[in-house]
Each structure stands twice: as structure tokens, then as C-alpha cells.
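# model the following, please.
(chains A and B)
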Amino acid sequence: MKLGRVIGTLVATEKPDAMKGLKLLIVRPLTAELEDDGEPFVATDASAQASSGDLVTWEASREAALLHDPSFIPVDHAVVGIVDQHALESPERAR
Amino acid sequence: MILGRVLGTVVSTVQHPFYAGKKQLLVGAVLPDGTLDGTRYILALDMVGAGVGETVLVEDEGNSARQILGDPKAPVRSLIVAIVDSVDVPAPGGV
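Numbers count the residues shown, from 1 in each chain, chains lettered A, B, ... in the order given. Reported below is the predicted structural model:
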């Protein structure tokens, strides 16, 4: 998993049947210290409750597909959960 | 597998049900000499009771994770599978 920030949502009516009913989020990937880390992508919401501004965890590729029920739908990024607490306790830093 | 150091924790309440009750740790990649790589990090599920500051081995591949978890549908890619006691990398040209 990686950290990300939900920076927006989007709606699409015409999409694969397996994606019907899934919320779509625009997520900006973050570093371990919550700094921007690359270009935003669109992800489905496997936590069911994420919205703009939330700090989230996300997963890509096959694991994203497996996050949904019925599993193995054609998605490549999915939000796993909303982060309540993020603590970098080590005196060292990832960046 | 990736050599890493546990940098901190991430706690979520609202998340995919599979992750409920599982400890998520923030792991920074380290070089063989033990210094932090500085850019790469992973959020991984802890299988071994690792703590902040410990050097660990992270399995960062979904099928391996599903084998270890014994669940072919687990939506998980990264697991902390070992706590590293020591690393020995002889210097090039050394004994």
C-alpha cells in the first residue's frame, strides 16, 4: 500500500458494467512524510466512505481488483482505507 | 524482497474489511549498509510483530502475500515477513 490524498471525485455514467455503483476518486500519491509524490490518478473506493481531502491508503494492479466484491473487476487503482493516524516515530526520515 | 526499516505506524478505522484488526506499518527502504534509501517506502501488513526502528524484510508482491496469508483472494501486496538480525555485505575487493 501507499499513502495518498483524495483531491477530488468524478462521475462517469458510461463505464464497464463491473464498475457500476463504484465511487471514483482522484488521488494524489504522497511520500511517507505526506509530500506530493507524482501525478494524480483515478481510483475506485474500496473503503466506501472516502471523500475529498481525506488521507487514504491505496493499492494498485491486481490487489486493487481484489479489493472489490465480486473480486477481479477491471480496475487498476483502489482506495483501501481512510487514515486516522499517521505517525512517523523513527528519528530517521524517509526523505 | 526488500530490506527496510520500520519508520512508523498508520491507523485506519474506515477501511476495507480485510484489513480490520491488522497492523499496518510504514517501512522505508534501506541500503545493504543500513542507511535509509530516502525515497522508497511501503505500507505493509505486519506478520512478525515488528516495531519502529527495526530492520525488516518486506515481501512486496501480491501472489507471495496471498500464499503467506493462505487466502487466494486477499487484496494485499506487501507484508513484513521477517525481522533482520544482521546483514553482512563484504566490501568489494575485501576478504
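# and residue B:64, which of the three is it?
Classification of residue B:64 by DSSP: H, G, I helix; E, B strand; the rest coil places it in helix.
# contacts only, for residue A:25.
Residue A:25 sits next to A:6, A:8, A:9, A:10, A:42, A:43, A:44, A:45, A:50, A:56, A:79 when contact means Cβ atoms under 8 Å, 6 or more residues apart in numbering or on different chains. In this view, the C-beta of every residue, glycine as well, is placed from N, C-alpha and C.
# and whichever residue of chain A sits closest to chain B, bridged to which residues?
Residue of chain A nearest chain B, by Cβ to the nearest Cβ: residue A:81 (2.5 Å). Beta-bridge pairing for residue A:81 (DSSP bridges): residue A:57, residue B:15.
# that one: neighbour count?
Residue A:81: 29 surrounding residues under other Cβ atoms under 10 Å in any protein chain shown.
# I figured it hits residue A:59, correct?
No - using Cβ atoms under 8 Å, residue A:81 makes no contact with residue A:59, being 9.9 Å away.
# what residue in chain B comes nearest to chain A?
Distances between chain B and chain A by Cβ to the nearest Cβ are smallest at residue B:15, namely 2.5 Å.
# do you know the pLDDT at that residue?
Per-residue pLDDT puts residue B:15 at 96.
# show me where pLDDT drops low in the chain?
All of this refers to chain A. A:90-95 (pLDDT under 70).
# ah, no, chain B please
Low-confidence segments of chain B, defined by pLDDT under 70: B:94-95.
# helices along that one, start to end?
B:62-69 (DSSP state H).
# what parts of chain A come near chain B?
A:1-3, A:31-32, A:46-50, A:57, A:59-64, A:66-67, A:71, A:78, A:80-90, A:92-95 (Cβ under 8 Å from any Cβ of the partner chain).
# how does it look with 7 Å?
Within chain A, the positions near chain B by Cβ under 7 Å from any Cβ of the partner chain are A:1-3, A:31-32, A:46-47, A:49, A:57, A:59, A:62-63, A:66-67, A:71, A:80-90, A:92, A:94-95.
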